[in-house]
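Participant: no sequence for this one, just the structure:
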């Protein structure tokens with residue numbers, strides 16, 4: 001009992017996220033921290049928590065679906081950083097332009113792979129540790145189930161860089177087909193909605209929050225349809 005108490009006291013400062021919106025903290029806390037990570041009590045009313053132009057979004061963690069494209073790889077078995085996906089890179093470019101058009105300029109672009117990070121003029125997820133921005137966009141380049149981008153540590157680090165909005169650019173169908181249901185990424189996808197990247201850009205550029213919400217596909221939508229048909 002005493003050892004557990006000391007352990008909790010020592011970890012307490014690490015389990016308070018002082019920059020992310022409470023809705024972001026809640027999602028990542030449940031999946032990666034056994035619901036032990038909490039937001040800063042002042043963040044709910046802070047300027048940081050309100051600054052994102054599309055503040056009416058019901059979800060702060062969103063997957064942007066990009067249709068399959070064959071990634072460029074250079075012997076990934078020995079050089080795991082040499083991986084790139086052009087379709088995802090183009091999606092990141094379009095998303096940044098859409099966000100900038102509505103006044104959001106605090107954007108952190110990331111990829112687990114250096115080749116992709118350089119291609120989008122961003123940084124790797126590892127080198128982004130300690131940094132933060134209003135919006136964090138991560139192109140995952142999921143070219144195989146056991147790839148670097150599928151690791152819990154990568155997903156957790158990338159998501160918790162965001163103050164207001166987390167965007168994962170990836171092929172959602174490939175995650176469902178290849179990634180273990182027990183992984184943090186798969187469990188995150190089960191909780192968070194997704195939307196086609198080009199659709200997000202269109203509605204975001206128009207600052208049309210209602211249309212954006214309507215176009216996002218909830219993880220529970222299939223269950224709801226099943227109930228309606230029974």
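Facilitator: Yep, it's here. Keep in mind that this is a model prediction, so the values were computed, not measured. Residues are numbered from 1 along each chain as shown.
Participant: which stretches of this structure have low pLDDT?
Facilitator: Applying pLDDT under 70 to the chain flags the ranges 1-14, 43-45, 68-81, 142-146, 148, 221-230.
Participant: What segments of it are strands?
Facilitator: 16-17, 38-39, 61-65, 72-73, 83-84, 107-111, 123-124, 133-139, 162-170, 194-196 (DSSP state E).
Participant: Which elements pack onto the fifth one?
Facilitator: Going back to what we said before, that points to strand 83-84. Packing partners of strand 83-84 (3 or more CB pairs under 8 Å, 6 or more residues apart in numbering; DSSP states H and E): strand 72-73, helix 114-119. In short, each C-beta sits where N, CA and C put it, glycine included.
Participant: Go through these and pick out the most buried.
Facilitator: Of all the helices and strands packed on strand 83-84, helix 114-119 has the most neighbours on average by mean count of other CB atoms under 10 Å, namely a mean of 21.
Participant: Contacts for that one, please.
Facilitator: With CB atoms under 8 Å, 6 or more residues apart in numbering as the contact definition, helix 114-119 has outside contacts at 72, 74, 81-85, 88-89, 109-111, 123-124, 139, 141.
Participant: how about the residues you listed, which pair is most distant?
Facilitator: Using CB to CB, the two most remote members of the contacts of helix 114-119 are 74 and 109, lying 21.6 Å apart.
Participant: So between the two, which is more surrounded?
Facilitator: residue 109 (24 against 12; other CB atoms under 10 Å).
Participant: burial of the closest residue to the more buried one other than its chain neighbours, as a residue count?
Facilitator: Computed as CB to CB, 6 or more residues apart in numbering, the closest residue to residue 109 that is not its neighbour in sequence is residue 122, at 3.1 Å. Number of residues near residue 122 (other CB under 10 Å) recorded here: 22.
Participant: This completes my enquiry, with thanks.
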